[in-house]
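In: Have a look; sequence and predicted model below, questions after that.
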Amino acid sequence: MLPPKTHPRWKALILGKVHGPFSLLATQFFITRVTTRARIDPSAPNIEQLIDQAYSFFSKNEVLARNDIRAIFEQEGK
Amino acid sequence: MRGLLSVEEVVARINAKERVVVAGEEALLRRLPKGDWVGGTIPYFVGIDGGMMSKDKLFVSSLPSEVVSFVTRFYDESELGVLLADEPQHGFSYLIIPAFTAFHKTFAKTISSFPGVYDRPLMGWVAGVELDKIGMRRPKVVDGRTGQWSSNHGLCLHAELRKDVVAEIGIVNPFAQGTGDVITVDRTAFHARKAFVNGTAVNFAEYLTAHRLDQRLPLVANYSGAMINVSIKSVDLEAKRVDFYAPLFPDVEYRLAAAIDDYEAVFARDVAKIHGDPTLSVNCILNYAYGCLKGHVMGEFIGPITFGEIAYGLLNQTLVYMILRKA
């Protein structure tokens, strides 16, 4: 079960503040894309949209990306 | 089952209703009957004895029983969004693209900008021809269900999987970023005249020549831990232009790859880290042309040697594989 989109780690992920390591190739491509887009356009609506995309991506890849999801949410506070 | 077979052996499998993906010379593919198969042209393969060229064998990969069903469809370069929308909810998509086409270029330059491109597994390869026939023959793809051929369209097999398995797409790239200059560009293209080296604009052809950099080494970008290559096709000092086998993208930082002394040892090390047997696997023609694959045994990672590998996007000098894992 993924944490809700309001969880602060989603925003940290989009802003490039979560550094993995990530193991699934799809995750590695996806995170590079959303963090690049957030860097180009850091406006609040864009960040919201990118969080939606991240939630959707990990929902569809919850099985294969389980280690990456753990890496994102278990780094909290580090 | 994956391996090199004679035409007669492939015909027997197709006639026995086996579902297969096939790679080989066009003349051989044209001898196959209609059935549950898709194919693309290429005469180079990694077999159980290593990299080789064959004009009398086809490389066949059977679709396993976990594939519940599949559909096939041709797409032109304006239909990449449709291709992604056609991906199964639970399965994978296997795309074969004829090299040097508008579809090839458009796919490479734009697929990463489509929403949802990384949501579902997409792998495949770029069909080619014998290296000394480039420009004389056209790479092609063929849908065995209809017998339809194309030298312009991408052909995609969308496979629905049983619910208890999922498809993982992975890569093995023996190259990593070196410690040299950071190279960037300001537009997406398969070629570059101007590039930025550590932020300073240079002519890239002059830069590569002046620094005597080994052009067999790709430029490598670090995508959140995944090393992604862009291989150098040619350096034209007169035209002051460098051409590549995949596009460079703005907002991505590249470095020339670190040199590799023993490709086979590096490859063996990286392959050993992968758990599971691949269902599908492809490798790159440049690794073959540069002598890294000829006769070298690649374990379970056998398949066609291609003019480009597809793992969500177009890759160079990389092995791409798909492994089915328990859900």
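Out: Thanks, I have the structure now. Numbers count the residues shown, from 1 in each chain, chains lettered A, B, ... in the order given.

In: so who does the residue lying closest to B:S69 once chain neighbours are set aside touch?
Out: Closest residue in space to B:S69, ignoring its immediate chain neighbours: B:E160 at 5.0 Å, by CB to CB, 6 or more residues apart in numbering or on different chains. For glycine as for every other residue, the C-beta is placed from the backbone atoms N, C-alpha and C. By CB atoms under 8 Å, 6 or more residues apart in numbering or on different chains, B:E160 lies in contact with B:V67, B:V68, B:S69, B:F70, B:P88, B:H90, B:G91.

In: ok, now with 10 Å
Out: By CB atoms under 10 Å, 6 or more residues apart in numbering or on different chains, B:E160 lies in contact with B:E66, B:V67, B:V68, B:S69, B:F70, B:V71, B:P88, B:Q89, B:H90, B:G91, B:F92.

In: any idea what it is structurally, helix, strand or coil?
Out: For B:E160, the assignment made with DSSP: H, G, I helix; E, B strand; the rest coil gives strand.

In: That one pairs with what?
Out: B:S69, B:G91 (DSSP bridges).

In: Kindly provide the distance from it to B:L32.
Out: Using CB to CB, to the nearest Å, we find B:E160 at a distance of 24 Å from B:L32.

In: what's the model's confidence in stretch B:184-193, averaged?
Out: Model confidence over stretch B:184-193, given as mean pLDDT, is 97.

In: List the beta-bridge partners for B:F59.
Out: Applying DSSP bridges to B:F59 gives these bridge partners: B:L4, B:A23.

In: give the contact list for the residue nearest the centre of chain A.
Out: For chain A, the residue nearest the mean C-alpha position is A:L13 (4.3 Å; CA atoms, centre = their mean). Residues in contact with A:L13 (CB under 10 Å, 6+ apart) are A:7, A:19-20, A:31, A:34-35, A:38, A:50-51, A:54, A:58, A:71-73, A:75.

In: same question, B:S61
Out: Contacts of B:S61 by CB under 10 Å, 6+ apart are B:1-3, B:19-23, B:94, B:278-282, B:302-304, B:322.

In: From these, list the buried ones, please.
Out: With burial judged by 16 or more other CB atoms under 10 Å in any protein chain shown, the buried subset of these is B:2-3, B:19-23, B:94, B:278-282, B:302-304, B:322.

In: Run through the strands of chain A in chain order.
Out: Assigned by DSSP state E, the strands in chain A number zero.

In: could you measure B:N316 against chain A, distance?
Out: Distance, B:N316 to chain A, using CB to the nearest CB, to the nearest Å: 15 Å.

In: so who does the nearest residue to that residue once chain neighbours are set aside touch?
Out: Distances taken as CB to CB, 6+ apart place B:S231 nearest to B:N316, at 3.9 Å, with adjacent residues excluded. For B:S231, the contact set (CB under 10 Å, 6+ apart) comprises B:175, B:215-219, B:244-246, B:257, B:284-287, B:290, B:308, B:315-318.

In: Check the gap between B:S231 and A:M1 for me.
Out: Distance, B:S231 to A:M1, using CB to CB: 42 Å.

In: Equivalent analysis for A:L25, please.
Out: Distance from A:L25 to A:M1, counting by CB to CB: 24 Å.

In: what does B:L32 give?
Out: Distance, B:L32 to A:M1, by CB to CB: 47 Å.

In: repeat for B:M136
Out: Distance of B:M136 to A:M1, computed by CB to CB: 57 Å.

In: If we look just around chain A, which residues of the stretch 201-327 of chain B are in range?
Out: With the criterion set to CB under 10 Å from any CB of the partner chain, the stretch 201-327 of chain B comes near chain A through B:221-228, B:249-252, B:311-313, B:320, B:325-327.
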